[in-house]
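Visitor: no sequence for this one, just the structure:
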């Protein structure tokens, strides 16, 4: 017999409720119930990062996150970054400008990790950015332009020029 | 969609204990990064689960009055890594859990889950062994505390009786005060990997920094469960801080470890690396403690 | 002009906002879910499949086994253009489901269920009885007399053996004073690891079947589904939406025929076949592991007297792309370093392993691992500088291949090497890192490659293009070449805008392809998209322009030869005056009561040329000898891909290829259980493709010698970046340690063996260790289990 649970959560700024099968992953909930298809399935075991979303501001691979746990949480997916008129955020624009997008399948998850990093408003070294982005596998870009896009946006938000010297670690 | 027979969600430790007692077949799911993967693989398909992920009381690190560092079992790796008490008192634990998987895994993965699945490669486990950590278990009979070495029974099996769950990990003051440590994860890539070998060393130096007063070394993947290299520890104790001590300490680990051949790595290879990383982790721990190795 | 400018990707906005729809995003939620039952033996016959328990699982719709396949239409899976010459057709050795198991992971049955949980439960409950045969996993073992035989028609499992003979090798090696250098080189089985797994869905409308598939080759899929099902091709429609990467795996017919069949067997219901990652590794395609044996006879002056190559390509269980891969690599051998006396023997051999198909580089990465590794060793034996030795022996300007007619028009190798060396400070480092001692050593190494563009003259090269002028002066462009992530649509838009003479915003490339609508093209492979489509885009664009100017003549009374389209306007070239906008012309043309014309153009161009693409990699490493680890410190690729249509996207594509090359050189390898033939590391944790943290900054450089045979001066770039990275890293390790690693990848396991053999470890550990017998209980695969 199937077991259901009514959950309430905030998804991309809107309060939502859903009666969910307790067996569902957060990926299932977001893709199937809310049709937020930026949340991609690449491995379904937390190894590729394509399904990454923010839950209460932290990154999670939604494939290995039970949908019932979303109850009471704030969830942000890539769809939540653009404003209602289609205007996009600086990090999305940077992904376009730096040619950080190729097949686009890892892009939503990678951008969401960038959002988590950028929200901290801290200056990170290239090495630190690599660590923070390392939960995403990408086969198209060699990660190079993704790194550039994140770094450029970070520096811009911190009011530093992109030519600023890299922060040295202790 | 996971093949889960039933899911019970606990909001408190008491509720978890009663749910586990009520449903003796049920398995505990904390962050789920192992349990859900195994359900999908078919190994635990059709399982009944008691989710303890919602028990916020089990999250966080605090320093108790007697100087014991208490880590709630549901504290995520990323929260441990960022915690100021950990950074100040036992930074090596933060560094070790900072090597688990990738950032998203460190956000969902819990230190309790990492130790309760009983696997030898858990990045937190060897460091906790090296700190002589105490495991706190809560069950129908109340709370009990046991050394982490006793908690691990065999590969994949820990000392959790029916109705029990791990609620905390304690590191007594005498274990950490005056010690400095270093962890080396040996894996095939720099992120998103499991250890082929993990080595955590901590040392306590004499006041003049010339003598090794105490040394502790623990391994992951050097045996079916994490283990301490006791003869190596004995080799170093009371010895001068010098290169010879490092080499003899490192060589001695071969008396203690017993890695095996697997498709992930050959025994001879693991043994070779075990010696190399013992020496390097020991050296780094000594340097962090203010020792000078000529 | 847009060609040559870094315009933004036409699909970038959609991709950064999540609007892009990939196959799974398009599939209706009411679809049945299909899962495949794979064999759990490597070789044998299925005797019986008991589905009784599985049928009882609530939600199971139907279970179909190999015994339900009543009509057996064998089909070939390679995404090659069809050949009307039966001798040149790909080997048709696959069935939708098979009872003759040839590898661990073969497809023997399928479950159709209402949801994925029911399908998974049913799969676990199906019982299979096999008759087991001996199996063989090693390519040279498989060639021996008495080895297990996979296919009756291929004795000793040899799918194909080809030879190249030039001069007289046996005579040439008798020249006095020659130095013999010999080596064996091994490359691993690796997988494409596109982040979107293969997925397709199918349903019937009337008597037609529609398949939406994550494929590089929609038109070829239509043909093969027709062949596999014995169905008229016109009853089949294949749609290609956005694709999450392919790298060659999706240049094969994977499960489209099976999915279509399952839909037909369930009354035409919508059936989705979403292949899990674990099965993508095992039961899709992999890169051929190739073992090469090279013997060089060199004169003391550093010139080659005679050379010999034998290579053994591991095909796995079925023919797929077959010998084409090995043949391509083998063909590079006599061309890259020309020599008067050459013998090449190339074998492609069946083994009981996952099926090898196309993968980025198509045989050249394997060949370069061997050839460029060997080149370094020859230079070392002669005590020559590896750069100078290459310069002396590499193919020279004017070199022309007799078969492909490809010509080296410019001094591309020297130009690429110079540029790369300068970028990485090669000469200084090469000197500085000589004769190092100690545990941690640095090294720098190089490798070169060439690559053919497209498949002419081995196979057909053709491209079709359709342009339809809209009443607002914009136009739609359709080509048969497919966007799979590489940026093809953007390059097409740039080229089309230039040819017709309009702002790029007025060009709409139809990314989603539909075989009912899209003009015929063979798809994305062979680094051919921009080169090949360039011909039909230029030809069709000129045709469209001619028709527009014809109509402009009616409206303006000016002679066509004095008219042009510039920036979306009809311009009188004699005085540069704008006579009217293209928009008003288009509106009038469409709706004119006196002379209504629907201005369109469509044409096909058969390409009868090919082009050499060139490049090199220089890599700098730090080797931690006791730790058996290589850290890639710096790496640069320099390419001559002709004129770059979009430099920024070209650079990005080179990064991706370099990344794949880094994994190939340092970490990636599929591991097979010698006892069962099972793939042991079929997931993204145990299969080590490089992460964000395994790379230094990647540098991509170019020299742009316009390719004279090309419609836009461009030539291959898609695959080339993956070709020379691994051997360059290998040569850097050689430079640092003096150890010539023979087997890729140079992961710690292989380095431990290589360094041990070379005596790099002072003292060997091992004494005093105890046996561990109580290793037990497996647990989650996220954890190393003792």
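Guide: The structure has been received and is ready for your questions. Not measured: the values here are computed from a predicted model. Residues are numbered from 1 along each chain as shown, chains lettered A, B, ... in the order given.
Visitor: confidence score at residue A:1?
Guide: Looking at residue A:1, its pLDDT reads 74.
Visitor: over to residue C:764?
Guide: 44.
Visitor: check residue B:294 too.
Guide: For residue B:294, pLDDT reads 72.
Visitor: close to chain C, is whichever strand or helix holds residue B:80?
Guide: In the assignment (DSSP states H and E), residue B:80 maps to helix B:77-82. No: counting by CB under 8 Å from any CB of the partner chain, chain C is not contacted by helix B:77-82; separation bottoms out at 13.0 Å. All C-beta spots, glycine's among them, are computed from the backbone N, C-alpha and C.
Visitor: please name every helix or strand in contact with the helix or strand following that helix.
Guide: Scanning forward in sequence from helix B:77-82 by DSSP H and E, the next helix or strand is helix B:84-89. Helices and strands touching helix B:84-89, as assessed by 3 or more CB pairs under 8 Å, 6 or more residues apart in numbering or on different chains; DSSP states H and E, comprise strand B:61-63, strand B:69-72, helix B:91-97.
Visitor: repeat that for 10 Å
Guide: Under the contact criterion of 3 or more CB pairs under 10 Å, 6 or more residues apart in numbering or on different chains; DSSP states H and E, helix B:84-89 touches strand B:61-63, strand B:69-72, helix B:77-82, helix B:91-97.
Visitor: that one: which residues count as buried?
Guide: B:85-86, B:89 (16 or more other CB atoms under 10 Å in any protein chain shown).
Visitor: what do you get for stretch C:128-142?
Guide: For stretch C:128-142, by 16+ other CB under 10 Å, it's C:128, C:130, C:133, C:135-139, C:142.
Visitor: could you pull up the mean pLDDT of the helix holding residue B:80?
Guide: In the prediction, helix B:77-82 has an average pLDDT of 98.
Visitor: follow-up on the earlier one: nearest to chain A among the buried residues of stretch C:128-142?
Guide: residue C:128 (25.0 Å; CB to the nearest CB).
Visitor: I'd say that closest one and residue C:67 touch.
Guide: No: look at residue C:128 against residue C:67 with CB atoms under 10 Å: they stay out of range, at 11.3 Å.
Visitor: residue of chain A nearest chain B, please.
Guide: Closest point on chain A to chain B, by CB to the nearest CB, is residue A:135, at 3.0 Å.
Visitor: same question, the stretch 301-450 of chain C
Guide: For the stretch 301-450 of chain C, CB to the nearest CB, closest residue to chain B: residue C:439, 9.1 Å.
Visitor: nearest to residue C:273, of the helices and strands packed on helix B:84-89?
Guide: With distances scored as CB to CB, the stretch of the helices and strands packed on helix B:84-89 nearest to residue C:273 is helix B:77-82 (36.3 Å).
Visitor: and that closest one, anywhere near chain A?
Guide: Yes: Helix B:77-82 reaches chain A (CB under 10 Å from any CB of the partner chain) through B:78-79.
Visitor: buried residues, that helix. List them.
Guide: In helix B:77-82, counting by 16+ other CB under 10 Å, buried: B:77-81.
Visitor: do the same with stretch A:3-13
Guide: Residues A:5, A:7, A:9-12 are the ones in stretch A:3-13 that count as buried (16+ other CB under 10 Å).
Visitor: run a quick neighbour tally on residue 2.
Guide: This is for chain A. Residue A:2: 7 surrounding residues under other CB atoms under 10 Å in any protein chain shown.
Visitor: wrong one, I was asking about chain C
Guide: For residue C:2, using other CB under 10 Å, the count is 20.
Visitor: do residue C:398 as well
Guide: 9.
Visitor: that one and residue C:161: what is the separation?
Guide: 32 Å (CB to CB, to the nearest Å).
Visitor: got it, and residue C:20?
Guide: 45 Å.
Visitor: all helices of chain A, in order?
Guide: A:26-28, A:90-97, A:107-119, A:126-133, A:144-157 (DSSP state H).
Visitor: so for the last one, what gets flagged as buried?
Guide: Yep, that's helix A:144-157 we're talking about. So, applying 16+ other CB under 10 Å, buried residues of helix A:144-157: A:144-154.
Visitor: which ones among those residues also lie next to chain C?
Guide: A:144-149.
Visitor: residue C:242 versus the residue nearest to residue A:26 when sequence neighbours are not counted, what's the distance?
Guide: The shortest distance from residue A:26 to any non-neighbouring residue, by CB to CB, 6 or more residues apart in numbering or on different chains, is to residue A:62 (3.7 Å). Distance of residue A:62 to residue C:242, given as CB to CB: 21 Å.
Visitor: with residue C:111 instead?
Guide: 28 Å.
Visitor: more neighbours: which of those two?
Guide: residue C:111 (29 against 25).
Visitor: pLDDT score for the more buried one?
Guide: pLDDT, read off for residue C:111, is 98.
Visitor: which member of the ones next to chain C among the buried residues of helix A:144-157 is positioned nearest residue C:730?
Guide: Using CB to CB, those come closest to residue C:730 at residue A:144, 21.9 Å.
Visitor: now do the contacts for the closest one.
Guide: A:98-100, A:138, C:651-652, C:654-656, C:658-659, C:692, C:695-700 (CB atoms under 10 Å, 6 or more residues apart in numbering or on different chains).
Visitor: likewise residue C:557?
Guide: residue C:579.
Visitor: also residue C:502?
Guide: C:2, C:469, C:473-475, C:496, C:541, C:545, C:548, C:565-569, C:582-583.
Visitor: so which of these sit within strands?
Guide: C:469, C:475, C:565-566, C:569 (DSSP state E).
Visitor: domains of the chain?
Guide: Chain wasn't specified; assuming chain A. A:4-80, A:90-157 (automatic domain parsing).
Visitor: that's the other chain; I wanted chain B
Guide: In the recorded assignment (automatic domain parsing), chain B comprises B:4-51, B:56-173, B:181-288.
Visitor: briefly note if the last one comes near chain A.
Guide: Yes: between domain B:181-288 and chain A, judged by CB under 10 Å from any CB, the touching residues are B:189-192.
Visitor: packing partners for the longest helix along chain C?
Guide: For chain C, the helix reaching the highest residue count under DSSP H is reported as helix C:529-556. Judged by 3+ CB pairs under 10 Å, 6+ apart, the packing partners of helix C:529-556 are strand C:462-469, strand C:475-479, helix C:488-500, strand C:563-566, strand C:569-572, strand C:577-581, helix C:582-591, strand C:600-606.
Visitor: between the third one and strand C:475-479, how many degrees?
Guide: What it means is helix C:488-500. Per axes from the mean of the first three to the mean of the last three CA atoms, to 10 degrees, the angle that helix C:488-500 makes with strand C:475-479 is 120 degrees.
Visitor: for the one residue in the stretch 151-294 of chain B that gets nearest to chain A, which non-adjacent residue is spatially closest?
Guide: Scanning the stretch 151-294 of chain B for the residue nearest chain A gives residue B:191, at 3.5 Å (criterion: CB to the nearest CB). Distances taken as CB to CB, 6+ apart put residue A:134 closest to residue B:191, at 3.5 Å, once the chain neighbours are dropped.
Visitor: so who does the one you found touch?
Guide: Neighbours of residue A:134 in contact, by CB under 10 Å, 6+ apart: A:49, A:113, A:143, B:101-104, B:189-192, C:691-694.
Visitor: mind giving me the PyMOL command for buried ones among the residues you listed?
Guide: Filtering the contacts of residue A:134 down to the buried ones (16+ other CB under 10 Å) takes a single PyMOL command:
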select buried, (chain A and resi 49+113+143) or (chain B and resi 101+102+103+104+189+190+191+192) or (chain C and resi 691+692+693+694)
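Visitor: relative to residue C:428, which of the contacts of residue A:134 is nearest.
Guide: Nearest to residue C:428 among the contacts of residue A:134, with distances taken as CB to CB, is residue C:694, at 25.9 Å.
Visitor: next, the contact list for that closest one, please.
Guide: Taking CB under 10 Å, 6+ apart as the test, what residue C:694 contacts is A:130, A:134, A:143, B:188-193, C:631-632, C:659, C:662-663, C:666-667, C:688.
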